[in-house]
Structures are given as C-alpha cells and as structure tokens.
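Asker: Sharing a model prediction with you, sequence too.
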Amino acid sequence: MRPLIGITGRKDTSARLVNSQMVSVGETYIHAVHRAGGTPVILPPILAEVDWVSLVARLDGILLSGGEDIHPRYYGQTPETWLGGVDEVRDDSELGMLRVALEACKPILAICRGHQVLNVALGGTLYQDLAAQVPGALDHAFLMSRSLEQSVHGVILETGSLVERLLGGCAFSVNSAHHQSIRTVGAGLRVVAQAADSVIEAVELADYPFCIGVQWHPEAMVRYDSTMMPLFEGLVEAARGVAQDCF
C-alpha cells in the first residue's frame, strides 16, 4: 500500500489569467515522493485550525516544502530591512498543522523553509539574513544563473545520526537556495549537519519515530543523482508503518 504524503503548497500568481491566484508545489517534490513509493497530495497554505486535526489524521506522513520567509513575529523578533517576502496565512497554517502532526507522531521531512518552520514550531529562532548577521557566512542564497541541481557547498553529518545512516556517509556536497537559517535550536531538536561556516544544515527530533529537517533541496538533487533518495524513502517507509497501523 502506498502511504499518503501531504506536501505543503504555496500561493502562486503565475496563472495565464491576470490576477488569478493558484496553489502550487514544485514538481520535484512530487516526483521524489512518488518515486520513493508514496502518494503525494498538495496541502493548501490556507488551512485553519478547524482543518488541522481531521487532515493530519488522514495523512500518513508530511513533507514541509520550501518557499518564502517566515514572519519574524512567530519567533519573537521584529522584521529587519533584509527580510524577504512573507505569507502569514501560510505561516499560521503550517505551524498549526505541524504542531498537530508532531502530537500525532506523524513522520515528517522538512526541507529548506520547512526545516525552518520545524525549528520555529518548536520554539527556535532564525537568522533573518545570513549575509547581514553571520560574519564569514558562505553564499547560501539562490542565484538565477545557477541550477538548483548544482552543488554549492559541503555539509558534514554527525556520525550515528539518522540522516547519516540513511545517506550512508558523513560528507556530502549539496545545493543551496536560502538566505536565512536556524539561529537558536528548537526544543528537542538535535543538530546533525553543518556547513563549513557552522550554518545548521540538518536537524532531527530526538525520541521521535521520523522527523528530519534539511536546509538544502534534496528533491532537486534526485532528478539526476540518487544519493539523496534515501531521505524520501525513509519518510515513505515510516509513513507506511503509520498506514498499516490504521488497519
């Protein structure tokens, strides 16, 4: 049985009809989940509290996707001039749903923005802009001239971590498309990967069946290289256990 994996979507105004708003998810996320054996479904970024419990109950796993910045009010800061675009409706939707999912012990894979959402949901904070706030930081930001499949910098994984066990090694080259990162780590999260500039690149939730956050975009990398596929296979396998428990 293919487990049902919810993938968080974002608002999109690229429709051919002027001012027609859509909800979208990058197809690389969908392909990665489907290839790993899951059935992907898009979760709209407008869910209210009344939706969270019933929706989470129907899902076997959740993938938190990338996107815009999280509004700093959710982690106790005021916006700085270097803050990017935000969508507070999406922030409310994802943070609330994620907390319900954590209480239900649903398997979670959090990517880029999702990695940061996971941290904020657990009481952590973010750097609003690495270049402005972290002296000596590498250039982690997305460049239009650079394919997202292209590796940008290395990461070192903690030996014995779930991420290290899944990927089968401690050192990898990854892509990068973010200007923010985890600052103060959320409650229960364990840092399991960093870049050379000490920017946090992966976290895991201690004493939890499957909850991983990564700052890079593995879904883009798996289009041409299967190295990162075990992250999605691990999510789907954990979700399959959830699905079987329901019968």
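Answerer: Great, that's in hand. Residues are numbered from 1 along each chain as shown.
Asker: Specify the local secondary structure of the nearest residue to Leu47 once chain neighbours are set aside.
Answerer: Excluding its sequence neighbours, the residue lying closest to Leu47 (Cβ to Cβ, 6 or more residues apart in numbering) is Ser93, at 4.4 Å. All C-beta atoms are positioned from the backbone trio N, CA, C, and that covers glycine. Recorded secondary structure, Ser93: helix (DSSP: H, G, I helix; E, B strand; the rest coil).
Asker: got a pLDDT number for Ser93?
Answerer: Looking at Ser93, its pLDDT is 97.
Asker: Could you check how far it is from Ile7?
Answerer: 13 Å (Cβ to Cβ, to the nearest Å).
Asker: for His179, same thing?
Answerer: His179 is 23 Å from Ile7, by Cβ to Cβ.
Asker: can you map out the helices along this structure?
Answerer: 27-35, 49-58, 88-103, 113-121, 130-133, 162-167, 218-221, 229-245 (DSSP state H).
Asker: Give me the contacts around the lowest-mean-pLDDT helix or strand in the chain.
Answerer: Lowest by mean pLDDT, DSSP states H and E among the helices and strands of the chain is strand 22-24, with a mean of 86. Strand 22-24 is contacted by residues 9-15, 42, 44-46 when judged by Cβ atoms under 8 Å, 6 or more residues apart in numbering.
Asker: thinking again about what came up before, ok, now how distant is the residue nearest to Leu47 from Leu122?
Answerer: 17 Å.
Asker: Neighbour count: the two, which is higher?
Answerer: Ser93 (22 against 18; other Cβ atoms under 10 Å).
Asker: OK, contacts around the more buried one?
Answerer: 44-48.
Asker: just for this structure, where's the confidence low?
Answerer: 15-17, 142-146, 148, 243-247 (pLDDT under 70).
Asker: at 90 instead, please
Answerer: 1, 11-24, 138-152, 223-224, 241-247 (pLDDT under 90).
Asker: Do I have it right that Tyr75 meets Leu122?
Answerer: No. Judged on Cβ atoms under 8 Å, Tyr75 makes no contact with Leu122 at a distance of 10.5 Å.
Asker: before we move on, the earlier item: compile the helices of the chain into JSON lines and extend it with columns for distance to Pro3.
Answerer: Listed next are those as JSON lines, based on distance: least, Cβ to Cβ, whole Å:
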{"stretch": "helix 27-35", "distance to Pro3": "10"}
{"stretch": "helix 49-58", "distance to Pro3": "11"}
{"stretch": "helix 88-103", "distance to Pro3": "14"}
{"stretch": "helix 113-121", "distance to Pro3": "18"}
{"stretch": "helix 130-133", "distance to Pro3": "35"}
{"stretch": "helix 162-167", "distance to Pro3": "17"}
{"stretch": "helix 218-221", "distance to Pro3": "17"}
{"stretch": "helix 229-245", "distance to Pro3": "4"}
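Asker: Can you say which of those is nearest to Gly188?
Answerer: The closest of those to Gly188 is helix 88-103. By Cβ to Cβ, the value is 9.2 Å.
Asker: Return the alpha-carbon coordinates of that closest one using CSV.
Answerer: In CSV, the C-alpha atoms belonging to helix 88-103 read as follows (Å, rounded to 0.1, in the frame of the first residue of the first chain):
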residue,chain,number,x,y,z
GLU,A,88,1.5,35.0,7.4
VAL,A,89,-1.6,33.0,6.4
ARG,A,90,0.8,30.2,5.2
ASP,A,91,2.8,30.6,8.4
ASP,A,92,-0.3,30.1,10.6
SER,A,93,-1.5,27.2,8.5
GLU,A,94,1.8,25.3,8.5
LEU,A,95,2.9,26.0,12.1
GLY,A,96,-0.5,24.9,13.5
MET,A,97,-0.8,21.8,11.3
LEU,A,98,2.8,20.8,12.1
ARG,A,99,2.2,21.0,15.9
VAL,A,100,-0.8,18.7,15.5
ALA,A,101,1.2,16.4,13.3
LEU,A,102,4.0,16.3,16.0
GLU,A,103,1.5,15.4,18.7
